[in-house]
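# Return a 3D structure for these sequence lines:
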Amino acid sequence: MRAGAVFERGASRADVARKLGVSRQTASQRAAAYREGGLGALAGAGRAGRRPLLTDRQLADVERALDRGGRKVGFPAELWTLARVARVIETTTGVSYSTAQTCWILRQRLVSSRQ
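Got it, this is the predicted structure:
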């Protein structure tokens, strides 16, 4: 539905992909659905992409571990790097992420915490 609102303002598929943080392929699929059936066609579009591996509770556990500080969770300094955050995620949840995926998770959490 957010894609539909952006399309209604005359935005391109690339604009939608950028604005909503989705792939261009997903934006193209939403554009096609919007052209064929308007906003109603997007209502049932559902979730794009894979389901997240971490629950909100697990993410909250990770945030609590990060709030404790680097030294308290076993690092020699307080400095947080993506590699260290990824290690905390794996230690806390058992789920392994690359540094790129870790960066994406952090961005998503920051965006959702500001809304």
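# from here on, contacts and neighbour counts on C-alpha atoms
OK.
# looking at this protein, which residue lies furthest from center?
Most distant from the centre of the chain: Pro76, at 29.3 Å, with distances by CA atoms, centre = their mean.
# mind checking the backbone torsions on the residue nearest to it when sequence neighbours are not counted?
Of all residues beyond its chain neighbours, the one nearest Pro76 is Gly70 (7.3 Å), with distances taken as CA to CA, 6 or more residues apart in numbering. Dihedral pair for Gly70: phi -60, psi -40, per degrees, to the nearest 10.
# Count the neighbours of Phe102 for me.
Not Phe; residue 102 is Thr. Neighbour count of Thr102, defined by other CA atoms under 10 Å: 19.
# er, Leu66 I mean
Neighbour number of Leu66 under other CA under 10 Å is 18.
# 56 is where my numbering starts, stick with that
Right, with 56 as the first residue, what we last looked at is Leu121.
# Quick one: the helices in this protein, in order.
Taking DSSP state H as the criterion, the chain contains helices spanning 57-63, 68-75, 79-98, 111-123, 137-148, 154-169.
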